[in-house]
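[1] The following comprises the amino acid sequence and a computationally predicted model.
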Amino acid sequence: RPNAMLSAFLDALDIPDSSRSQAARLRKLVQAMAGQSTVLFIDEAHDFGVRCLRVLKTLLNETPVKIILACHPSLFRHLERENWDDLSQLTGNRLLARVRLGGHDLTDVATLLTRRLPQLSLAKAEKDKHLDAISRAAQSNGNLAFVRQLIVRLHARARREKLKTLTPKHLTEALKAELADRGRPTSA
């Protein structure tokens, strides 16, 4: 809600607030931000409603504020489509840049596996093949969270079976089981 958002902004700027209305909070925030360079970083902006985005548009129009919206791309596109007339200024002519963060790469997967599974024994040739398979599976299944779940599965198996070393076979089986639990094809 815009009123809660304005309160949070005032609080973040250490501005005491006893205002009774949204309009009074907005005036106070505009006055405070008018004379200073301020950057607002807003996480999960895809959860905003159009009313909050209108408040951001007002702040952009009335202050020198810079606003960074961190959001899930497809959820924000949905919000944009539904409220294009309200958002055209935020995502059109006032937009400096749209930064898309990439996913993980093989180095990220390798780092997680080697740090969290020191008992995993893979030869170089096997390692590249398995890292590629895990990375491809992770791309459509939660990225590094998928890799983390794979590691949890392997730790559980090692504990249950009292394994000192995990082999490529264990890794392949864990990958197939994780994909199967997610209802995905198991051609890993």
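    Perfect, thanks for sending it. Residues are numbered from 1 along each chain as shown.
[2] All the helices of this structure, residue numbers only.
    2-12, 22-34, 50-62, 73-82, 84-88, 106-116, 124-139, 144-161, 168-181 (DSSP state H).
[3] Least confident secondary structure element in the chain?
    Lowest on mean pLDDT, DSSP states H and E among the helices and strands of the chain sits helix 84-88, with a mean of 71.
[4] Return the set of buried residues in it.
    By neighbour count on 16 or more other Cβ atoms under 10 Å, the buried set for helix 84-88 is L87. Any C-beta I mention is one placed from the backbone N, CA and C, and that applies to glycine too.
[5] helices or strands next to that helix in the packing?
    helix 50-62 (3 or more Cβ pairs under 8 Å, 6 or more residues apart in numbering; DSSP states H and E).
[6] and the helix it packs on, what other elements does it pack with?
    Using 3+ Cβ pairs under 8 Å, 6+ apart: helix 50-62 touches helix 2-12, helix 22-34, strand 66-70, helix 73-82, helix 84-88.
[7] Show me the one of the ones you listed that comes nearest Q149.
    helix 73-82 (22.2 Å; Cβ to Cβ).
[8] and the angle for that closest one with strand 66-70?
    Relative orientation of helix 73-82 versus strand 66-70 (axes from the mean of the first three to the mean of the last three Cα atoms, to 10 degrees): 120 degrees.
[9] If anything else comes up later, I'll come back, but that's it for now.
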